[in-house]
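K.L.:
requesting a structural model of the entry that follows:
(4 chains)
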Protein chains: 2
Amino acid sequence: MATLKQVAAHAEVSVQTVSNALNAPHRLRADTLQRVTRSIELLNYRPNRNARSLRTSAVELVGYCVPSWPKGQAHLVMDQFLHALCAAAESSGRHILLFTAPAGIDGMKVYDDLHARRLVDGFVLSQTETKDPRHPWLAKRKIPFVSFGRVWGENSQPGSWVDVDGAAGCAMAVRHLVEAGRTRIGFIGWPRTSGLAQDRLSGWRTACREAGLPLAGLSVACRADTIEEGSRAAARLLDAERPVDGIVALSDVLALGALREINHRGLRPGVDVGLTGFDDSPLASVVEPGLTSLRQPIDEIAASLVKLLSDPPTRATTRLLLPELVIRGSSSPG
Amino acid sequence: MATLKQVAAHAEVSVQTVSNALNAPHRLRADTLQRVTRSIELLNYRPNRNARSLRTSAVELVGYCVPSWPKGQAHLVMDQFLHALCAAAESSGRHILLFTAPAGIDGMKVYDDLHARRLVDGFVLSQTETKDPRHPWLAKRKIPFVSFGRVWGENSQPGSWVDVDGAAGCAMAVRHLVEAGRTRIGFIGWPRTSGLAQDRLSGWRTACREAGLPLAGLSVACRADTIEEGSRAAARLLDAERPVDGIVALSDVLALGALREINHRGLRPGVDVGLTGFDDSPLASVVEPGLTSLRQPIDEIAASLVKLLSDPPTRATTRLLLPELVIRGSSSPG
DNA sequence: CTGAAAGCGCTTACAG
DNA sequence: CTGAAAGCGCTTACAG
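P.N.:
Below you'll find the predicted structure:
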């Protein structure tokens, strides 16, 4: 492995000049630069990142905690997000360092340790929870971080965040169903304690109201994000005195449950009942008919997060992105 | 941020002694160790990893290339694998560094660069392909790596690997179906060019033969790992003069296609036709009836990989693990 | 058991 | 535009 010193000797310049050739080429005369560059190539020199980091105290590594899921409850779009995050980081010479940590406040000593030992410069948080303790904890200690997702607390959230506009997304879904002629659209969500659920619910409510559609008794809160709960909720909406002809579900999994219930009853999804999900997970295109779903702009989210972490603006910044409605058979025939 | 020097001053010993307290505590007298430990805690000292790595030239970071997938073709068990890999690495003080790289030989300069700049000590390869160019490339340059999966070449594969015994797994699936009374079991796989497909096919063949079951015309090779191909293959097996009453599919996705076809025909999965998949992906427990599938022992695989990379045996080592048959409704009623 | 010193491979004011 | 020197924070023979 060639070192800076060896390159300098080979090019007959000082190590400082080689370092400049790499980090500030404009400081060199053209012919010197060329000579140094040639030596670098000849010796196949690659700067040692540890030495650099020790000197500059920047490791150009971003910590990301890989969530652990209850059995079978895999995060279906995580690999897409991770790939996008990696690609975004690499476009500015950074990389992602993966780690595991206990949930909640107990995990914070892991974050602290990684930062204190200089394994990472900062963190990208995701799987943000209502009243997530990580944000204030990190902010208090001045450990750099950005958040994918809001904390939904009463007070303003510490740090920069990027999120998807769930309300706007669900409103898009409602309008899409209205255009397909639906007149009674239900919402399948989670309890009010979840900020994310409230957000998406509000989009459904607003759009229904704007379209002059009824709301009363048409929103169901599921206790868990499972197929079974989705089925049960759909059954309730379809068993009502005046059954729904459209369903907006808060997640793909709930939508899949609804899809099953619709099929069980001999109703035709996309014909008798229009249905939409959220996330455009791999499940959405695997079922039949395909599930219309709201796709989060993963690449843009990842790029924003990395940018906010790498070049932190002077004050905390927020960015709300629109999801994209991916239309499949569950909401429109053919 | 406290440094070694400050801790040494505080404990009134040399820096060498503090370093020993951390890395070779047995060299210190008990009272010295205690005094030093107290100072470390008081000053909340955390050793700078970059300085350590520069000195020892070990970064304790394992590179893992996050695969990019064609749209919608997410790797459904990847987040489980990544979590297991992280946890395994952390149990020996290591971490996972994620990166992206072009497929095949074009990506090797990325691997080379990460290693040369000392961002990683070595690599865990996965998504291994038939005649994967990465293994010989890395071996030739003496860049440490281990492989999850075999390369299936004619020659012996460079480097250590860990893999799941697909043949044994598919044989287990066949025997399970035989026990449930099936007498005509088909296999849905991929073309013979895939070593993995050959492996799993051979398990089906062996077990059928041992059970005295027919083989002729009962294996179908799909061109792609999609629902549609799985459906088509199942249709062929069910349209035969003597239709099958059991199907072993090479993947969960193909099995899901078969499940759809079985349902379409008004046949009852698990009753009229027994069906199994491979991977126990999140899809398997989400469909109805649940899909019987072969679960790869992810945690054990990850632990083996990290161990082989961290404490490389003197000669390349291989480890073949048994998958576990997870039985759900698709292969047995109730 | 403990300590003084060299050195890992860089970058960065500073001087020329 | 170029170079000599200090120093980032550790570890590791080596000496006492």
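
K.L.:
for residue A:167, helix, strand, or coil?
P.N.:
Following DSSP: H, G, I helix; E, B strand; the rest coil, residue A:167 is assigned to helix.

K.L.:
how about the contacts made by it?
P.N.:
Contacts for residue A:167 (Cβ atoms under 8 Å, 6 or more residues apart in numbering or on different chains) come out as A:199-200, A:202-203, A:206. Every C-beta, even on glycine, is put in place using the N, C-alpha and C of the backbone.

K.L.:
rerun at 7 Å
P.N.:
By Cβ atoms under 7 Å, 6 or more residues apart in numbering or on different chains, the contact set of residue A:167 is A:199-200, A:202-203.

K.L.:
please check those and keep the buried ones.
P.N.:
A:199-200, A:203 (16 or more other Cβ atoms under 10 Å in any protein chain shown).

K.L.:
could the residues you listed go into a markdown table alongside distance to chain B, pLDDT and secondary structure?
P.N.:
Compiled in a markdown table, those are given as follows (distance: Cβ to the nearest Cβ, whole Å; pLDDT from 0 to 100; DSSP: H, G, I helix; E, B strand; the rest coil):
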| residue | distance to chain B | pLDDT | secondary structure |
| --- | --- | --- | --- |
| A:199 | 25 | 96 | helix |
| A:200 | 21 | 97 | helix |
| A:203 | 25 | 98 | helix |
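
K.L.:
with respect to residue B:35, which of these is nearest?
P.N.:
residue A:199 (54.8 Å; Cβ to Cβ).

K.L.:
would you mind measuring from residue A:267 to residue B:150?
P.N.:
47 Å (Cβ to Cβ, to the nearest Å).

K.L.:
swap in residue A:227?
P.N.:
35 Å.

K.L.:
cool, and residue A:27?
P.N.:
Distance from residue A:27 to residue B:150, counting by Cβ to Cβ: 51 Å.

K.L.:
again, but for residue A:35
P.N.:
Distance, residue A:35 to residue B:150, using Cβ to Cβ: 48 Å.

K.L.:
settle it for me: which of those two has more neighbours?
P.N.:
Between residue A:35 and residue B:150, counted using other Cβ atoms under 10 Å in any protein chain shown, residue B:150 has the larger neighbour count: 21 against 18.

K.L.:
what helix or strand is the nearest residue to that one once chain neighbours are set aside on?
P.N.:
Among residues not flanking residue B:150 along the chain, residue B:163 sits closest, at 5.2 Å (Cβ to Cβ, 6 or more residues apart in numbering or on different chains). If you go by DSSP states H and E, residue B:163 is part of strand B:160-164.

K.L.:
can you spell out which helices and strands pack onto that strand?
P.N.:
Using 3 or more Cβ pairs under 7 Å, 6 or more residues apart in numbering or on different chains; DSSP states H and E, the elements in contact with strand B:160-164 are strand B:145-148, helix B:298-310, strand B:318-321.

K.L.:
nearest the geometric middle of chain A, what residue?
P.N.:
For chain A, the residue sitting closest to the mean C-alpha position, by Cα atoms, centre = their mean, is residue A:148 at 5.4 Å.

K.L.:
contact partners for that one?
P.N.:
Taking Cβ under 7 Å, 6+ apart, one finds A:124-126, A:128, A:162, A:301, A:305 in contact with residue A:148.

K.L.:
any idea how far the residue nearest to residue A:8 when sequence neighbours are not counted lies from residue A:4?
P.N.:
The shortest distance from residue A:8 to any non-neighbouring residue, by Cβ to Cβ, 6+ apart, is to residue A:15 (4.4 Å). According to Cβ to Cβ, residue A:15 stands 5 Å off from residue A:4.

K.L.:
what residues does the stretch 1-150 of chain A have near chain B?
P.N.:
A:1, A:46-51, A:53-54, A:59, A:66, A:68, A:72, A:74-76, A:78-80, A:82-83, A:86-87, A:90, A:95-100, A:113, A:116-119 (Cβ under 7 Å from any Cβ of the partner chain).
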